[in-house]
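S.K.: sequence and predicted structure, then a few things I'm wondering about:
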Amino acid sequence: MQTHTFQSVEPREAALAFLAGRHDLLIGGEFVAGAGRRIIVENPATAVQIADVGAASLDQLDAAVSAARAAANGAWGRMSGRDRGVILARFADLLEANLDLVAEIMTLDNGSPLSSSRMVVKYLAVELFRYYAGWATKISGDSFAPTIGARPGQDFLVATIREPIGVVGAIVPWNAPPGMMAMKMAPALAAGCTMVMKTAELAPLTGEIFGRLWGEAGGTAGAFNLVHGFGEDIGGAMAGHAGIDKIAFTGSTAVGRKIVEAATGNLKRVTLELGGKSPVVIFPDADMAAAIPAAAMACFLSTGQQCMAGSRLFVHADVHDQVAEGVARFAASLKIGDGLQPDTVLGPAISARQKARIEAYAAIAKAEGAVPLLETPAIDSPGHFIGPSIFTGVTPDMRIAQEEVFGPVLSILHFDDEDELIAAINGTPYGLSGSVWTSHIQTALRVAKRIDSGQVGINIHGAMSPETPFGGNRQSGWGRELGREGLDAYLKTKAISFAIGVKP
């Protein structure tokens, strides 16, 4: 049975002191009060206000873009890769030293269990800054002698150089802000770009800590700027801003489309990490002791509020009942509660609106004929808590098998034919992640290759590392983050041709 603990936990002294302070924008190295609309930040575990943040005005956004341009043309743009790497490595050290504060503020901001928040900060954000600090000295081009000259008889040599794209506008979501900020900030700054970062209005607070640490690390004023704001005004203005050379966005597919439309004004580059409907595939020869809990957590981690959520579980008909019952038992044992409680596994939904959206999808599933295997009773709490739901009898055309719920709702589908399995897996608009569980390596590799997504795990789901490219296909996004590919997204190539004489 699920256990629910809704006793709130008092934040530590450092977190309380941070919450009690001003929450400002960072523009050109200076913290300034936002002149736009007020953003009321609540703790989703208690629905109590914890901060009042001023959004940026459009004039302040312009000022942030101008500061980023000045830094790109000035001190940051002229800085050596070695010196950029030193600053990024120092930032990583400071972020690690402030791990407890950043993780606790993330939990208060978006409800994540504190253990998850600590992992996001320590194993994603900190390590990304260290990884890209190393890349800052390794950005290089190529040289070659063309086989056909520009003019008959002319001998020449070509050298390519990699240059920063320029000013980057980064827009991050609320579900894991430190990790999402690092995924954009670290490679962009390593490449020599400058940045204007917009936090998510539902969870803006950890961004402010990044701004403070940037100054402590000796970061160039204006190379990193931070603005708060709502997506429909500040986010939209960034996407259309003529002074921004590239937008890096993580969020919903619907908003991603709007960003692409707005970016056409100056044809700025765009990378998008969008939604997903990731499959988890379990074959009869899988190690069930590992596969069953992993399948549950693939969907329910972060209360299902993550893009890689394995929200479609495809189980071979021979083991369907065994897996379905095992996943339901495991999910029913997960503790729901305040993220600051040390043993909480499932925190709240981010908002009352998101909770209502999740509940609506569960109702739609039943209306379309899906069979509830696990339904969490209504939870009496001031926070936005919602437990896991599991449905069997799901067919590939049902809405819960096609649309991203972004909540703890799992669809279980059965298969016995591989071609039909692949058709169902690839039969959604998304292609972000997935996993295959089997002890047969040929089966694993064959199925993994046929899944149309940016990454697939074999006997693991949602594996991420600084070196591993991450991103989606089709309506799950454009481009890749992390790894060498993540750095390339912030660089442009220039070819320089040298005339070296006439061919003999």
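M.R.: Structure received. Numbering: from 1, shown residues only.
S.K.: surely Val172 touches Lys184?
M.R.: Yes: Val172 lies in contact with Lys184 (Cβ atoms under 8 Å); the separation is 6.9 Å. The way it works is simple: take the backbone N, C-alpha and C, and place the C-beta from them, glycine included.
S.K.: okay, and the common contacts of those two?
M.R.: Shared contacts of Val172 and Lys184 (Cβ atoms under 8 Å, 6 or more residues apart in numbering): Met197, Thr250.
S.K.: mind listing the strands for the stretch 1-150 of the chain?
M.R.: 3-5, 25-27, 30-32, 38-43, 48-54, 143-144 (DSSP state E, counting those that start in this stretch).
S.K.: please identify the most buried of these.
M.R.: Stretch with highest mean neighbour count among the strands of the stretch 1-150 of the chain: strand 25-27 (a mean of 26; mean count of other Cβ atoms under 10 Å).
S.K.: against which helices or strands is it packed?
M.R.: With contacts taken as 3 or more Cβ pairs under 8 Å, 6 or more residues apart in numbering; DSSP states H and E, strand 25-27 sits against strand 30-32, helix 58-73, helix 205-216, strand 224-227.
S.K.: tell me how far the last one lies from the chain's centre.
M.R.: Going back to what we said before, that points to strand 224-227. Relative to its parent chain, strand 224-227 has a centroid offset of 18 Å by Cα atoms, centre = their mean, to the nearest Å.
S.K.: just checking, what packs against it?
M.R.: Using 3+ Cβ pairs under 8 Å, 6+ apart as the contact test, the elements touching strand 224-227 are strand 25-27, helix 58-73, strand 194-198, helix 205-216.
S.K.: quick check: domain ranges of the chain?
M.R.: The record, using automatic domain parsing to delimit domains, assigns the chain the ranges 10-274+478-492, 279-465.
S.K.: out of those, the one nearest Ile500 is which?
M.R.: domain 10-274+478-492 (5.4 Å; Cβ to Cβ).
S.K.: number of residues surrounding the closest residue in space to Thr137 that isn't next to it in sequence?
M.R.: Excluding the flanking residues, the one nearest Thr137 by Cβ to Cβ, 6 or more residues apart in numbering is Gly81, at 4.5 Å. By the measure other Cβ atoms under 10 Å, the count of residues near Gly81 is 17.
S.K.: what does Thr160 give?
M.R.: There are 13 residues near Thr160, going by other Cβ under 10 Å.
S.K.: which strand or helix spans it?
M.R.: strand 154-164 (DSSP states H and E).
S.K.: what angle separates that strand from strand 194-198?
M.R.: Inter-element angle recorded for strand 154-164 and strand 194-198: 40 degrees (by axes from the mean of the first three to the mean of the last three Cα atoms, to 10 degrees).
S.K.: who are the packing partners of strand 154-164?
M.R.: Contact analysis of strand 154-164 by 3+ Cβ pairs under 8 Å, 6+ apart lists strand 143-144, strand 491-502 as its packing neighbours.
S.K.: follow-up on the earlier one: who wins for proximity to Lys122 among the helices and strands packed on strand 25-27?
M.R.: Nearest of these to Lys122, taken as Cβ to Cβ: helix 205-216 at 13.6 Å.
S.K.: in that closest one, what counts as buried?
M.R.: By 16 or more other Cβ atoms under 10 Å, the buried positions in helix 205-216 come out as Leu205, Thr206, Gly207, Glu208, Ile209, Phe210, Gly211, Arg212, Leu213, Trp214.
S.K.: cool, stretch 359-372 as well?
M.R.: Those would be Glu359, Tyr361, Ala362, Ile364, Ala365, Glu368, Ala370, for stretch 359-372 by 16+ other Cβ under 10 Å.
S.K.: so the fifth one touches Ile400, yeah?
M.R.: Same thing as Ala365. Yes: Ala365 is within contact range of Ile400, at 4.5 Å (criterion: Cβ under 8 Å).
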